[in-house]
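**Student:** coordinates only, no sequence provided:
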């Protein structure tokens, strides 16, 4: 066997014998896709691919503007709802316009009332009825409430005048130009408060209050002979015609503190207070002075013989004047004529004669003038009338009535 030649040996790659190539491993997702079928949801989960769109639909770019969605939402609102919203808006606007017109007309009326009645304070005007604009077109107001504070009436001021005017026919153009009106009917009331009377009539130092029987209690202070006395009276209210109120004063009493009380008038009397009556009963000199006047003895109801014996025996005097009923009887004795006939007696029992003289010089008419009160409606309200005058807790109140009342240019 011949030897191979020397030199590089070329190696021929070994080729394995032909074998079948290995089969690739199947993709499980492909198998699931094949099983999905037309529903494209093999697990029955209701899922779709994002690109599962109808290929026939035309493509359009996405809308990113905010107004687009809003317009589509508004277009989806039913027409009935749109009409309802519009009606509500128009109604609110009409209501606002109506109320603005009312407020303007009320201001005009307040100015006109204050000017025509020469009022220091503007009145309050409240126009009733709705809608107001329809009343404007008709030039007739259903009802107007008016409140006027601090109306001057003679010596006092009426705290408040309230009135409800109905069927008011307007002269001029509402709400801008109101020249006058004719009031079909009016009813209300006036109030004169005790607080106002106390303040405005305070120069006489008198205070008024409700006495409880449709009358007024008047309490005051009065200086007589350098001493301050308390004055009390009762004032009965009466209507003066149909436009004024006045009082009849009676039951006047002037009280001298710690001494006596003087009642002037028809039932004139001067009677001692408990303090002075007790001092006289305990003081022998004062008791003797009082018992030395026969008129006093007769009014005490003590036998003159008993009194004569007591004036000469201290023990009998003490027994007579020390009795519990002696001071009570002494307080009931009317000393008016006694002090007139025996002026020396006042000083003997401890009373200042000048004080009693000054008190008794006051006459009922003078005192009545200091304690009386009256008022009359102002002349600007000449067509109004007063009814049902009565005394209440806060003051004097009277009903106010009137009809076919001209106001402003309507008076001409």
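**Tutor:** Okay, I see it. This one's a predicted model, so the numbers in the text were calculated from it and none came from an experiment. Numbering: from 1, shown residues only.
**Student:** for residue 403, which residues are in contact?
**Tutor:** By CB atoms under 8 Å, 6 or more residues apart in numbering, the contact list for residue 403 reads 183-186. Quick note: C-beta positions are derived from backbone N, CA and C, even for glycine.
**Student:** could you redo the last one with a cut-off of 6 Å?
**Tutor:** Residues near residue 403 by CB atoms under 6 Å, 6 or more residues apart in numbering: residue 185.
**Student:** what does residue 186 give?
**Tutor:** 163, 165, 402.
**Student:** helices or strands up against the helix or strand where the first one lies?
**Tutor:** For residue 163, the host element (DSSP states H and E) is strand 156-173. Packing contacts for strand 156-173, counted by 3 or more CB pairs under 6 Å, 6 or more residues apart in numbering; DSSP states H and E, involve strand 140-153, strand 177-193, helix 194-200.
**Student:** at 8 Å what do you get?
**Tutor:** When contacts are defined as 3 or more CB pairs under 8 Å, 6 or more residues apart in numbering; DSSP states H and E, strand 156-173 packs onto strand 140-153, strand 177-193, helix 194-200, strand 395-408.
**Student:** angle of it against strand 177-193?
**Tutor:** 160 degrees (axes from the mean of the first three to the mean of the last three CA atoms, to 10 degrees).
**Student:** confirm residue 113 sits in a strand?
**Tutor:** No - secondary structure assignment (DSSP: H, G, I helix; E, B strand; the rest coil) places residue 113 in helix, not in a strand.
**Student:** how deep is the residue nearest to it when sequence neighbours are not counted tucked in, by neighbour count?
**Tutor:** Distances taken as CB to CB, 6 or more residues apart in numbering put residue 123 closest to residue 113, at 5.0 Å, once the chain neighbours are dropped. Here the number of neighbours of residue 123 (other CB atoms under 10 Å) works out to 19.
**Student:** what distance do you get for residue 123 to residue 190?
**Tutor:** 13 Å (CB to CB, to the nearest Å).
**Student:** and stretch 267-283, average pLDDT?
**Tutor:** What stretch 267-283 shows for mean pLDDT is 92.
**Student:** and the end-to-end length of it?
**Tutor:** In terms of CA to CA, to the nearest Å, the two terminal residues of stretch 267-283 are separated by 30 Å.
**Student:** in it, what's buried?
**Tutor:** For stretch 267-283, the neighbour count (16 or more other CB atoms under 10 Å) marks 269-273, 276-277, 279-281 as buried.
**Student:** which of the residues you listed fall in helices?
**Tutor:** 276-277, 279-281 (DSSP state H).
**Student:** who does the residue nearest the centre of the chain form a beta bridge with?
**Tutor:** By CA atoms, centre = their mean, the mean C-alpha position of the chain lies nearest to residue 160, the distance being 11.1 Å. Legend: beta-bridge partners of residue 160 under DSSP bridges are residue 149, residue 191.
**Student:** about what we covered before: may I ask which of the contacts of residue 186 has the most neighbours?
**Tutor:** Each of the contacts of residue 186 was scored for neighbours by other CB under 10 Å, and residue 165 scores highest at 24 neighbours.
**Student:** wait, what's in contact with it?
**Tutor:** Here residue 165 is in contact with 143-146, 183-186, 405 (CB under 8 Å, 6+ apart).
**Student:** which of those residues sits closest to residue 118?
**Tutor:** Nearest to residue 118 among these, counting by CB to CB, is residue 146 at 15.6 Å.
**Student:** for residue 128, see how far away that closest one is.
**Tutor:** Using CB to CB, we find residue 146 at a distance of 11 Å from residue 128.
**Student:** low pLDDT regions in the stretch 201-350 of the chain?
**Tutor:** For the stretch 201-350 of the chain, residues meeting the criterion pLDDT under 70 lie at 201-204.
**Student:** off-centre distance for stretch 337-355?
**Tutor:** 54 Å (CA atoms, centre = their mean, to the nearest Å).
**Student:** no wait, stretch 156-166
**Tutor:** 14 Å.
**Student:** list the buried residues in that stretch.
**Tutor:** Residues 156-163, 165 are the ones in stretch 156-166 that count as buried (16+ other CB under 10 Å).
**Student:** stretch 338-357 now?
**Tutor:** 338-339, 342, 345-346, 348-349, 351, 355-356.
**Student:** gap between the two ends of that stretch?
**Tutor:** Start to finish, the residues bounding stretch 338-357 are 13 Å apart (CA to CA).
**Student:** what's the angle from the host helix or strand of residue 251 to helix 274-282?
**Tutor:** Residue 251 is located in strand 244-256, with elements delineated by DSSP H and E. Relative orientation of strand 244-256 versus helix 274-282 (the same axes, to 10 degrees): 30 degrees.
**Student:** which elements pack onto the next helix or strand after strand 244-256?
**Tutor:** Moving toward the C-terminus from strand 244-256, the next helix or strand (DSSP H and E) is strand 260-263. Packed against strand 260-263 by the contact rule (3+ CB pairs under 8 Å, 6+ apart) you find strand 244-256, strand 269-272, helix 353-361.
**Student:** distance to residue 236 added to these, as a markdown table?
**Tutor:** Output for these, formatted as a markdown table (distance: least, CB to CB, whole Å):
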| stretch | distance to residue 236 |
| --- | --- |
| strand 244-256 | 5 |
| strand 269-272 | 21 |
| helix 353-361 | 24 |
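**Student:** quick one, which of these is nearest to residue 84?
**Tutor:** Once the helices and strands packed on strand 260-263 are compared by CB to CB, strand 244-256 is nearest, at 59.0 Å.
**Student:** that concludes my questions; thank you for your assistance.
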